[in-house]
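S.K.: Only the shape, not the letters, is given here:
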């Protein structure tokens, strides 16, 4: 059974380690080694990720299968896009499961918790960005009712990629 809890600063090293590993596992095969190395060593360092955990406004969640950490989320208020019509919104900045846990309900448990937190905070919109070539993730978000509303650039190393911005209107 997958359980989810809100993380705190004592979890920072674990979150940083999971962040780096899950990002690498997800995207290394579809990108050059040079671009991955630049991103991991300049933009996605352990030090930067550890520091994120204590930044006000960030919410981190950890998913566990028994005692094993198998996924995590970072949420924050993010950018207010015009399409939100001034409705309160929260962004799912990152949501990842470990390679061994993909397909075992980790994403579902994390997304359920994200939506519950958004509702508790009286948000009307939950949104995220996803690489246009990450078909598995796009299909996952579509099942949750997320719809594309825009795109933005994401720089991975020297490669400028396109992320789709997806949103879900909450009741």
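M.R.: Looks like it arrived, so ask away. What you are looking at is a predicted structure, and each value in this text was computed from that prediction instead of being measured.
S.K.: mind listing what's buried in the lowest-mean-pLDDT helix or strand in the chain?
M.R.: Counting by mean pLDDT, DSSP states H and E, the chain has its least confident helix or strand at helix 46-52, which shows a mean of 92. For helix 46-52, the neighbour count (16 or more other CB atoms under 10 Å) marks 49-50, 52 as buried. Using the backbone N, CA and C atoms, a C-beta is placed for each residue, glycine as well.
S.K.: which one of these is nearest residue 157?
M.R.: Minimum distance to residue 157 across the buried residues of helix 46-52 is 17.2 Å, recorded for residue 49 (CB to CB).
S.K.: Would you mind listing the residues in contact with that closest one?
M.R.: The contact partners of residue 49, by CB atoms under 8 Å, 6 or more residues apart in numbering, come to 12, 15-16, 19-20.
S.K.: quick one: which of those residues is most hemmed in?
M.R.: Within these, most neighbours by other CB atoms under 10 Å means residue 15, with 24 neighbours.
S.K.: And that one, which helix or strand is it part of?
M.R.: Using DSSP states H and E, residue 15 sits in helix 12-27.
S.K.: That helix packs against which elements?
M.R.: helix 46-52, strand 59-65, strand 68-76, strand 89-97 (3 or more CB pairs under 8 Å, 6 or more residues apart in numbering; DSSP states H and E).
S.K.: Let's see that with 6 Å instead.
M.R.: Counting contacts by 3 or more CB pairs under 6 Å, 6 or more residues apart in numbering; DSSP states H and E, helix 12-27 packs against helix 46-52, strand 68-76.
S.K.: any chance of the ones you listed in TSV, with distance to residue 58 too?
M.R.: Converted to TSV, the helices and strands packed on helix 12-27 look like this (distance: least, CB to CB, whole Å):
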stretch	distance to residue 58
helix 46-52	6
strand 68-76	5
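S.K.: Taking the contacts of residue 49 together, which two end up most distant?
M.R.: Farthest pair in the contacts of residue 49, by CB to CB: 12 and 20, 12.7 Å.
S.K.: List of residues touching stretch 31-45?
M.R.: 28, 156-159 (CB atoms under 6 Å, 6 or more residues apart in numbering).
S.K.: can you rerun that using 7 Å?
M.R.: Residues from elsewhere that reach stretch 31-45 (CB atoms under 7 Å, 6 or more residues apart in numbering): 20, 23-24, 28, 156-159.
S.K.: And the pLDDT for residue 60?
M.R.: pLDDT recorded at residue 60 is 96.
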